[in-house]
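K.L.:
structure, please.
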Amino acid sequence: VHTLITYNGVYQGSNATLNATYVDVANYTNATGVRTCDATSCFTDPRFSWYTEGINQGLGFAYYAVDTVEVLGVRCLANPKALEELDNQITTNADNPILDIGGLNEFQRIWNNLYGDIYEARYPILLFGAAAAMVVGFVYSQLLRCQCILGIMIWGSIFSSIGIVLGCGYYAYVVSNGWEEADPQIQTDANILAAKICAYILFGIGATLTFITIFLRKQIMLSMACVRAAGRAMSDMSAIILFPIMQTIGFAAFMIVWIVYAVHLASTGEITETKLSTTVDLTVRTYQFDDFTTKCGWYLLFCFFWTSAFILAIGEIIIALTISRWYFTRDKRRIGQCTIFGSACQARYHIGTAAFGSFIIALVQIIRAMVAKLQKKARELDNKIGEALLCCCQCVLWCFEKFIRFLNKNAYIQTAIFGTPFCTSAREAFSLIVRNAGKVASISYVSTLVLFVGKIFISSLTTGAAYVYIDHNMGSKLYSTAGPCLLVFVASYYIGGMFLSIFDMSTSTILHCFVADEEMFDGDECYAEGDLRQWLNDFEETERRVIAGK
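P.N.:
Next comes the predicted model:
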C-alpha cells in the first residue's frame, strides 16, 4: 500500500517494501499532458492516500501496486484476494473509517469474487457453454422429428395458453363478485367495474384464441410437418450446425478491423479537463470532436450496421439454398455434406441481394441511432414533450425494422428457390404471405414456440451439467458456483439461439418450398414427402369433395 503505479514509473514512500523494479511501467516521457505523482498529489500513507488527487478514490492517475493474474496471455487484472487485503489495509480505526468496507466497496468485492470464480472455472465454462450447447441443440432438433414429442409440445402449449387466459378471466370475475357482495363493501365501485371489465376482456381473448385454433388446426398440422421436415433435412446435412461458427469467425474478423479504426478515430479528439466544485478536488476529462470526426464516426457506425446485417443475410441465403435443394431432390441419398458447400459457392451469385437487403436494415438502424442521440439531448434539456415524441418515433422505427427483417428473410428464401433479384423476391414473398396468411401465422407461432422451448431446454440442461461438474471438481476453489453457472446459462442460451436460428430458417424455407411445390406441381409430380405429402393429399381430397358436393 506504500507503492503507487503512475505514468512516471513507481512512486514509493519511506515504508515501502516492494522492489521498485518489480513493476515495469511504459515510457511516457515524450507524451504531452501526462500527470505524475509528487509529495502533494500522492500520499503513500494508507490512512490518507485514498482521497488524494493522485488516487482520487480509484479514478485518478495513480493506483496501488497489487498482485495480478494473467488473462488470455495479453492482459493483467488485479487478483481478487489482493484487492480484499488492500481494502483491509487502507482503513483506520473503527471510529474514523477512511473507506466503508461494508457499504462503499461491497459491489466491488462481489464483482472481484465473481471475476475470480469465472477465471478459475474458465475451461468448464467454455466446455459446457459452447461445445455442450451445440451438441444438445443438435439432439433437440432430432427429438423434434418424433411426432408424439412435437405434438405434445405444440398442442399442450396451445391448450395451456387458452386455459391460462380463461382461468385468469374466471379468477377476475370471482374476485369482482366477492368485492361487490362484501358487507361492508371495501373496494370502490370503480375498482369492481374495472375487475369485471378485465374478466370480460380475458374471456373474449380466450374465446378468440379458441376459434383461431379451431380454424387454423390444419395449418398448425402443416406447421408441425414443416418442423419435422426441417429436422430430417438437418439430420441429412448435419454439418450445417457448424455454420454459425463460420459466421462468428467472419464477424470477429470484421470486428478486429472495425475496432482498430474506431479506436484511432476516437483518439483524434481533443482532451478537455473540467474541475468539479466538490469538497474533494476532482478533475474530469472529456473528449471534444470536430464536425468531420463526428461525421466519420457516424459513417463507421453505419459500416458496422451494414456489415453485420450483410453477414447474417449471406448466412440466411446459404441456409435457404441448402434446404431448398434438399426439398426439391427426389432421391435424398444424393444429399450430403457436399450440398452445404455447393450452396455456399452458389451464394456468390446472390451477394447483391444480401447487400441490398442488409443496406435497408442498416439505414433503419442508423436512423434509430440518430433518434436515440436526439432522445439523449432531450433528456439533458428536460424536454418532456420532445422525449415523448422521440420515444414514439423510436417505437415506430423499431416495428418497421422488425417488419423489414421479416420481409428480408422471406425474400432471401424466394431468391434461393427461384434465383430472382431482391425487389422481385420481396414482392413475391409479400404476395405469398398474403395468399397464405394462415399458414405463415401458424408456422411463425410454432417456430417461435419451438425456439423458445429449445433455448430453455438447451441452457437448462447444460447449466445443470455444468453445476454438477464445477461443484464436484472445483467447488472448494470458488467463492460461489453461481457466477460460472450464470455465465454458462447465458452463453448456452445465446449459442442455442444461434443454432436454433438455423432451424427457424429451415422451417420457413420448407414452408416456401411446399407452397411453391403445391402451386407448380400436381399429384405424383409433387416433391412433398411424409407428413407434408399426407397433408397435401388430405387437402386435395377435401377440395374434390367440395366440388362434388356442388
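K.L.:
and Asp183, that's in a helix?
P.N.:
No. Counting by DSSP: H, G, I helix; E, B strand; the rest coil, Asp183 is located in no helix; its state is coil.
K.L.:
first-to-last residue distance for stretch 173-191?
P.N.:
Start-to-end span of stretch 173-191 (Cα to Cα, to the nearest Å) is 12 Å.
K.L.:
buried residues in it?
P.N.:
Neighbour counts over stretch 173-191 (16 or more other Cβ atoms under 10 Å) mark 173, 175-176, 179 as buried. Every residue, glycine included, has its C-beta placed from N, CA and C.
K.L.:
which among these gets closest to His264?
P.N.:
Proximity of the buried residues of stretch 173-191 to His264 (Cβ to Cβ) peaks at Val175, which lies at 63.0 Å.
K.L.:
show me what contacts that closest one?
P.N.:
Contacts for Val175 were tallied using Cβ atoms under 8 Å, 6 or more residues apart in numbering; they are Ala195.
K.L.:
now do the helix or strand where it lies: distance to the chain's middle.
P.N.:
Under the criterion of DSSP states H and E, Val175 resides in helix 147-181. Here the centre of helix 147-181 is set off from its chain's centre by 30 Å, with Cα atoms, centre = their mean, to the nearest Å.
K.L.:
ditto for stretch 254-269
P.N.:
With Cα atoms, centre = their mean, you get 23 Å for stretch 254-269.
K.L.:
hey, C-alpha coordinates of that stretch in PDB?
P.N.:
The C-alpha coordinates for stretch 254-269 follow below in PDB (Å, rounded to 0.1, in the frame of the first residue of the first chain):
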ATOM      1  CA  PHE A 254     -14.600  -7.700 -39.200                       C
ATOM      2  CA  MET A 255     -14.800  -6.500 -35.600                       C
ATOM      3  CA  ILE A 256     -11.000  -6.600 -35.200                       C
ATOM      4  CA  VAL A 257     -10.600  -4.200 -38.200                       C
ATOM      5  CA  TRP A 258     -13.600  -2.100 -37.100                       C
ATOM      6  CA  ILE A 259     -12.300  -1.700 -33.600                       C
ATOM      7  CA  VAL A 260      -8.900  -0.600 -34.800                       C
ATOM      8  CA  TYR A 261     -10.500   2.100 -36.900                       C
ATOM      9  CA  ALA A 262     -12.900   3.100 -34.100                       C
ATOM     10  CA  VAL A 263     -10.100   3.400 -31.600                       C
ATOM     11  CA  HIS A 264      -7.900   5.500 -33.900                       C
ATOM     12  CA  LEU A 265     -10.900   7.700 -34.700                       C
ATOM     13  CA  ALA A 266     -11.700   8.200 -31.000                       C
ATOM     14  CA  SER A 267      -8.100   9.100 -30.300                       C
ATOM     15  CA  THR A 268      -8.300  12.100 -32.700                       C
ATOM     16  CA  GLY A 269     -10.400  14.100 -30.300                       C
END
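K.L.:
show me which residues of it are buried.
P.N.:
Applying a neighbour-count criterion of 16+ other Cβ under 10 Å, the buried positions in stretch 254-269 are 254, 258, 262, 265.
K.L.:
kindly provide the distance from the nearest residue to the first one once chain neighbours are set aside to Gln394.
P.N.:
By that I understand Phe254. Leaving out its chain neighbours, the residue that sits closest to Phe254 by Cβ to Cβ, 6 or more residues apart in numbering is Thr307, at 5.4 Å. Using Cβ to Cβ, to the nearest Å, Thr307 is found at 23 Å from Gln394.
K.L.:
likewise for Gly336?
P.N.:
As judged by Cβ to Cβ, Gly336 and Gln394 stand 47 Å apart.
K.L.:
just Asn410 next, same as before
P.N.:
Noted for Asn410: a distance of 25 Å to Gln394, by Cβ to Cβ.
K.L.:
more neighbours: these two, which one.
P.N.:
In this view Asn410 and Gln394 are compared by other Cβ atoms under 10 Å, and Asn410 has more residues nearby, 22 against 16.
K.L.:
where's the more buried one, which helix or strand?
P.N.:
Assigned by DSSP H and E, Asn410 belongs to helix 384-418.
K.L.:
let me see the mean pLDDT of whichever helix or strand comes after that helix.
P.N.:
Next helix or strand after helix 384-418 toward the C-terminus (DSSP H and E): helix 422-435. Averaged across helix 422-435, the pLDDT comes to 90.
K.L.:
remind me which residues of the stretch 351-500 of the chain are low pLDDT?
P.N.:
Scanning the stretch 351-500 of the chain for pLDDT under 70 picks out 475.
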